[in-house]
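1. Let's see this in three dimensions:
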Amino acid sequence: MVNTKSAALLFIFSVFSAAAFAEQAGGVRGYVDDKDFDAPVAEAQVLIAESGEKTKTTEEGNYVFSELKPGTYTLIFSKQGYARQVKSDVVVSPGRMSEVNVSLTGDFTEMEEFVVQDLSFGAGTELALLDLRMEAPALMDSVSAELMSQAGASDAASALKLVSGTTVQDGKYAVVRGLPDRYVNSQMNGVRLPTADADKRAVQLDQFPSAVIESIQVSKTFTPDQQGDASGGAVNVVLKGIPEETSFKFGIGYDYNSNAFSEDEFLSYEGGGLDTLGSRSTAVPSIDSMDDTVGTKTEDSPQEYSFSLSGGGKHAFAEDIKIGGFLSANYKRSASYKDDMIDDKYWVEEPGEGVTPRYNDKRGGGGGGPGTGRFETSLFDVTQASHQVQWSTLGTLGLEIGTHKFNALYMYTKTAEDEATVSEDTRGKSGLHKFWPDAYGSEFDNYAPYDEHHPANDKEYQDHAAYQRHQTLEYTERTTETIQFSGDHKFEDLSWELADWFRFKPVEFDWTVSNNTAAMHQPDKRMFSARWVAPYHVPYQPPTFWPSPSPEVPAHTEPGRYEQLNPAANMNMGNFQRTWKDIEEQSDQYSADLKLPFEQWTEDEGYLKFGIFSDTVARDYQQKSFTNDSTFVDSDPGLNWDDYWSNYFDEPLKVSGVDIDFVADQEISAFYYMADVPLNSKFKLRGGARFESTELSSHITEAGPSAQVYIPQTGDISQATDGEEFYSLARAEFEQDDMLPSIGFEYKPFEKIKVRGSYSETVARQTFKELVPITNQDYLGGDIFIGNKDLQMSALENYDLRFDYTPYEGGLVSATYFHKDITDPIEYVQGYANFTYTYPVNYPEGEIDGFEFEVRQDLIEFFENMEGVSVGANATFISSEVTLPDDEAAKLETPNIQAPMQTRDMTNAPEYLYNLFLTWDLNESKTQFGLFYTVRGDTLVAGASQSVGNYLPNVYEKEYGTLNMSLKHKLNDTWTMNLKAKNLFDPEIESVYRSDYIDGDVTKTSYTKGIDLSVSLSARF
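-> Okay, here's the model as predicted:
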């Protein structure tokens, strides 16, 4: 049904757009004078708000814009020492020059409210968003399409880093003021989208290309008209609307990554790669018909390029009837490659003795010596290559009838990624000294794998920390589809007066209805693991006759060979696994808001506002996996380490029997009221409450015979063969009603200074995965995750205080303090039940506070020869803390751990964030230059814990910075060239083990991303 509607919308858009493209260009000219002295005003700036195009008046006060597309524009006239003046609804007709003359006065006058509203319709400029920031009821920070273009941001995720106090996790998920995805609600045009992420209920922001984004608005305080889980903030990706001027634009670009560009070294596999649209069959084949590709190969790196098309416009059928449309299509192919990546696991076995490599103990002898069995370390060198195709379509249709607006929007995004990974542990022999005889210690440091006489290759030690190799082939498709209908209505006849000092202005009403679908398809993810036993020397053995006879054994060398490396957590799995996973999430959402603006006794304006909201989400999770037999089978003898066993492996597969399919539902319904009441021209109060109801449930629909449900808190365990007991134990249900108040104030002691403060209460919800008490293992040998059906929602109290100073138009000096108290924060801990697993629990409490500072300045205000140069900076300093549950704190105080800790930092909360930028707009040469530098401080990514009686220290990601540069040059009225360079410093991104109980930082992971260069050419008609 959605596809039929979409096709109809796209057809209508194309008809109107095609008709509009034939129109001729027009222009605007005029004269600017001083109202008090009736003299021309030279060097006054004239800005077209919709396009950002600007010019300056001549000595005679004249200005002109030629070659403008027919449409309606907003002109902004400004000069230091004069009041800014705005001319709205300036009509440019085909082939005609419109005249707009203005007179500037010396007194500052604030922009009228209706102008701000006009700018927000299709205005992706920093000037418009700065006005929105100052007028919004919530504390808001934004980034415009204008700044995104200058910074070289390719998608919403990379653009979000430009907002103060905001960063992204895993390259996709919004983190605001140190609070990760569960505390941040991400929207598109104010509509919350579903997600097909297996682990989170967070929208993956990298799927929205910057070409379709008008602005990204981050509300950092909760008001009742926002959703109740906007605890850290609400991220609203505002898509481009219908342009006032009819236009058509296309662009093409070529990209280069310094790591990914190579000949015959890019990691892939037989049958790998991406077709034009990034599509593969997601059906599960029979075992006999599966292709036999197991491991990786190398090939030439793929080409990286992009192109985009967009066009649209408006047409007036009558004085108060307009209809318009906008179409956009974007396509991009990209690649990444890492061959310098390490991933090491350490722990502390003896308190006070520092870290040693973590090992998976499979020794038969036990104890602290080498024993008679084997063990593996986890000191991996990783090579990883990824090839990505991303494309999207956007269509918008709008109808304006007087003061009533109707909009329909359809958007489809698809991201397909093909990734190949090889992880090798060849450092265990030299890294784990405790099992080697003292006499051999130095020799083990210089391990020679092909020397059969080396002590480490002695038969007694060859199984200790043997070489191991893991290969992963992973293809993933992510799609998002949304159709939205919305309306904005202003009823001019619905206004009335209660008294001489209080009257209601025309009533405003807006509504939204949407249907959204997100899907993730991961067909045939392949994991292969093997350990390599080095060749070893067998000395001569004479025959024996007593107590039992044995023949003579001549001296010889046993050749190297591979052995299966099975996951310790599940003995049903072999060393080769193939998995088909499908996740689909559907959402039906509606909202309606009624606003009653009024004018009170001091002729200042406020409003009353009421609204309702409903969001119903349904998730369907299905997985089917296959594996070889878990019985140990060795390779043919004689294979060296460089001979990949995966090239010869042909063991038969079977259904694993451990898979679980489930469905989950979430329903959120709410209503709210709020008021914005100015007591006088300087002081305003805002407040209200939101009443929100949450219902969550999940149940298993199908399970393999070896599937398990485990309740960590009680130790209850059930197999799928237990029937109803199994399904009953796995069922999770949760309900909660909340009343979420919000109150704030706004104080304006002087014209250019504004102080705002607020208090609010919000919530944070569990994810579906966190509620389902089943064992989740994403891949062979991966970490085990078990949900907690008793997990509770978190409650937050939020305090905010902001000071804003706008010395002139476009200038800003801002400082903010924020504090959040969290009850029942959700954190992850480790447990043990014959295997190590991770599960979510509610910590007792937590808190986070910090300061934000921001400055934006046009240097011409200070230096006459710095016209067009703007600088900006923002910094956020964050302090966070969570209190450990008593049982978790007790584990760290045991005699074998001795690392007491009652509190720690919150995960994913950086200690600080910096953003610095410089832009230079050279009007005469039609060139724009931008330089952007972002820094993220040290960030806790995993809290300290214990595993099989050993201490695992905190893991922090260390500070790193990113420098991006862009250069845009307008070749003529049609063509523009863009050059972009991203990640110019190419820093090492490193995570480390860090604790008061170990000496210094110890590297856990490290890699570099490479430098990205791109060149593009665009045309606008």
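2. how many neighbours does residue 735 have?
-> 10 (other CB atoms under 10 Å). In short, each C-beta sits where N, CA and C put it, glycine included.
3. can you tell me how far it sits from residue 67?
-> Per CB to CB, to the nearest Å, residue 735 is found 61 Å from residue 67.
4. how does the protein divide into domains?
-> Residue ranges for the domains of the chain, per automatic domain parsing: 1-109, 253-289+304-364+371-1020.
5. hey, least reliable of those by pLDDT?
-> Mean pLDDT values for the domains of the chain show the minimum at domain 1-109, a mean of 72.
6. And the helices in the stretch 301-450 of the chain?
-> Assigned by DSSP state H, counting those that start in this stretch, the stretch 301-450 of the chain shows helices spanning 428-431, 441-445.
7. And the next helix or strand past the longest one?
-> Past helix 441-445, further along toward the C-terminus, the next helix or strand under DSSP states H and E is strand 467-491.
8. Does that following strand pack against any helices or strands, and if so which?
-> Strand 467-491 sits against helix 2-20, strand 404-425, strand 507-533, with contacts defined as 3 or more CB pairs under 8 Å, 6 or more residues apart in numbering; DSSP states H and E.
9. Adding distance to residue 793, write these out as JSON lines.
-> Shown next, in JSON lines, are these (distance: least, CB to CB, whole Å):
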{"stretch": "helix 2-20", "distance to residue 793": "32"}
{"stretch": "strand 404-425", "distance to residue 793": "30"}
{"stretch": "strand 507-533", "distance to residue 793": "22"}
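10. wait, what's in contact with residue 360?
-> 375, 376, 377, 378, 568 (CB atoms under 8 Å, 6 or more residues apart in numbering).
11. For it, list each beta-bridge partner.
-> residue 376 (DSSP bridges).
12. and it, how far is that from residue 375?
-> With CB to CB as the criterion, residue 360 and residue 375 are 6 Å apart.
13. ok, which stretches of the stretch 651-800 of the chain are helices?
-> 724-730, 768-771.
14. To residue 26, which of the ones you listed lies closest?
-> With CB to CB as the criterion, residue 26 lies closest to helix 768-771 of the helices of the stretch 651-800 of the chain, at 54.8 Å.
15. who does that closest one touch, helix- and strand-wise?
-> strand 660-678, strand 683-703.
16. Any chance of TSV for those, columns mean neighbour count and distance to residue 798?
-> Converted to TSV, the helices and strands packed on helix 768-771 look like this (neighbours: other CB atoms under 10 Å; distance: least, CB to CB, whole Å):
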stretch	mean neighbour count	distance to residue 798
strand 660-678	19	16
strand 683-703	19	13
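17. To residue 312, which of those lies closest?
-> Per CB to CB, nearest to residue 312 of those: strand 660-678, 33.9 Å.
18. Name every strand pairing with the closest one and say which way it goes.
-> strand 605-628 (antiparallel), strand 683-703 (antiparallel).
19. could the ones you listed go into a markdown table alongside distance to residue 765?
-> Below are the strands paired with strand 660-678 laid out as a markdown table (distance: least, CB to CB, whole Å):
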| stretch | distance to residue 765 |
| --- | --- |
| strand 605-628 | 11 |
| strand 683-703 | 7 |
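20. and the residue lying closest to residue 767 once chain neighbours are set aside, what element?
-> Leaving aside its sequence neighbours, residue 767 sits nearest to residue 201 (CB to CB, 6 or more residues apart in numbering; 4.8 Å). Residue 201 is part of no helix or strand when elements are defined by DSSP H and E.
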